[in-house]
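Colleague: Sharing a model prediction with you, sequence too.
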Amino acid sequence: MADLEKKMLVHHVSLGVGKVVALDANAVHVFFPESDKRFAAKLRLPAAKVLLRTDGVERDAWLEGLSAFSLDPKTGRYGLAATWLTQDQAIAQFMSTYPQGFADPSYVATGERATLWRVVHETWVEALGNGEGERLLADADVGELVKRALQVERHLSPLQPSTERKDILEEALGDPETALVFFGALFEVLGVPVPGRARFEKLFAAAAHLPVAPAAMWPVATLFPFVAQPDRHVFLRPKPAREAAERLGCDLRFDETPNWPTYSALRALSTRLLEVLKPNGARDFVDVESFLHLTATRRAHAVKGAKAVERE
């Protein structure tokens, strides 16, 4: 057996496949999803090595993605959040709300979350898609860029919490100089099929220089990539994104200033979810965003091997 390392998958003779979440001088902490418990098992070393093997353990994207473990000082054990849901429980929760999955009539109905996002996407395509945004950028026509961007943003009103001010984006793009830099970075991200870290960091830096409150930086930075190309990019609104990720056992390494590690963590989580949700009809990150929103806004209660849900 190879030396044990944090994050590696192992197989226990009786507990099945697990993930090493921490190592102490005298113990290895392994999370076993089949136990249906949120705490990792604390196995004493060196005796545990006889019960564990590392060779031949198949990859498990969901288990590998679990990262939000924290140490409980009272028990000395590592655990996920008290509101943690397994992947199957989260999907069952979604299906209890939308029995036909992402094709459910109540899910695709006019005025519902995913439908509104798709309207915003269509508005973007009409206003700034098909090269229009790049043309305006090349002409340095920042006034028209801002005008059309605000036209897109107006369709978001039903999706914005009532506590959010509706003029945040207008204020953020109010200075022509910083707005032009922001749009330049934005279209660099949109201009390639798979933008790398450098392009996103340039966009995040441009968003950070906009006159916007810290709490609004993430929505401003990630909104337009998401609505322009929802098959490639994700949207991060801090509170629901963090709550959903926590319930699904993912540590976003959140910081209120837009940054690559947090964004890439959400994109990795969203990519894994999209794959497992495709059998239920999920098409792109609009559907994943809706799934995460529901995950964040339901309180789960254990009931005989499953989870019952209610509105928070």
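Modeller: Looks like it came in fine.

Colleague: residue furthest from the geometric center of this protein?
Modeller: Within the chain, the residue lying farthest from the chain centre (Cα atoms, centre = their mean) is Ala47, at 38.4 Å.

Colleague: how much space between that one and Ala27?
Modeller: Remark: distance between Ala47 and Ala27 (Cβ to Cβ, to the nearest Å) = 10 Å. All C-beta atoms are positioned from the backbone trio N, CA, C, and that covers glycine.

Colleague: try Gly174
Modeller: 56 Å.

Colleague: and what of Asp139?
Modeller: 64 Å.

Colleague: With neighbour numbers in mind, choose between those two.
Modeller: Ala27 (17 against 10; other Cβ atoms under 10 Å).

Colleague: Okay, strands next: where are they in the stretch 51-200 of the chain?
Modeller: 52-53, 70-72, 77-79 (DSSP state E, counting those that start in this stretch).

Colleague: Check which helices and strands the second one is in contact with.
Modeller: Translated: strand 70-72. Under the contact criterion of 3 or more Cβ pairs under 8 Å, 6 or more residues apart in numbering; DSSP states H and E, strand 70-72 touches strand 77-79.

Colleague: Can you list the buried residues in stretch 99-115?
Modeller: 101-102, 104, 107, 112-114 (16 or more other Cβ atoms under 10 Å).

Colleague: Just flag the most distant two among these.
Modeller: Gly101 and Arg113 (14.6 Å; Cβ to Cβ).

Colleague: Need the single longest helix in the chain, by residues.
Modeller: helix 260-277 (DSSP state H).

Colleague: And the helices in this protein?
Modeller: So, for the chain - with DSSP H - the helices run 48-51, 61-65, 87-97, 105-108, 113-128, 132-138, 142-154, 168-172, 176-190, 197-208, 217-228, 238-247, 260-277, 285-296.

Colleague: Which other helices and strands does the first one contact?
Modeller: I take that to be helix 48-51. Looks like helix 48-51 contacts no helix or strand (3+ Cβ pairs under 8 Å, 6+ apart).

Colleague: shaky segments in the stretch 101-250 of the chain?
Modeller: The model of the stretch 101-250 of the chain has pLDDT under 70 over residues 161-166.

Colleague: Just list the residues touching the residue nearest to Thr123 when sequence neighbours are not counted, thanks.
Modeller: In this structure, Thr123 finds its nearest non-sequential neighbour in Val152, 4.9 Å apart by Cβ to Cβ, 6 or more residues apart in numbering. Val152 makes contact with 120, 123-124, 127-128, 224, 227 under the criterion Cβ atoms under 8 Å, 6 or more residues apart in numbering.

Colleague: rerun at 7 Å
Modeller: With contacts taken as Cβ atoms under 7 Å, 6 or more residues apart in numbering, Val152 has the following neighbours: 120, 123-124, 127, 227.

Colleague: tell me which of those residues is nearest to Leu4?
Modeller: Val227 (44.4 Å).

Colleague: The closest one reaches Val120, doesn't it?
Modeller: Yes. With contact defined as Cβ atoms under 7 Å, Val227 counts as touching Val120 (4.8 Å).

Colleague: Please report how far the most centrally placed residue in the chain lies from Gly143.
Modeller: The chain has Leu266 as the residue nearest its centroid, 3.4 Å off, counting by Cα atoms, centre = their mean. According to Cβ to Cβ, Leu266 stands 33 Å off from Gly143.

Colleague: Isn't Gln229 up against Leu190?
Modeller: Yes. Between Gln229 and Leu190 there is a contact at 6.3 Å, judged by Cβ under 7 Å.

Colleague: contacting residues for Leu210?
Modeller: Leu210 touches 172, 178, 182, 220, counting by Cβ under 7 Å, 6+ apart.

Colleague: check contacts around Asp284.
Modeller: 230-231.

Colleague: nope, Tyr78 is what I meant
Modeller: 21-22, 29, 40, 69-71.

Colleague: burial of Pro219, as a residue count?
Modeller: 22.

Colleague: My guess is it contacts Lys239. True?
Modeller: No. Pro219 is beyond contact range of Lys239, at 10.6 Å (criterion: Cβ under 7 Å).
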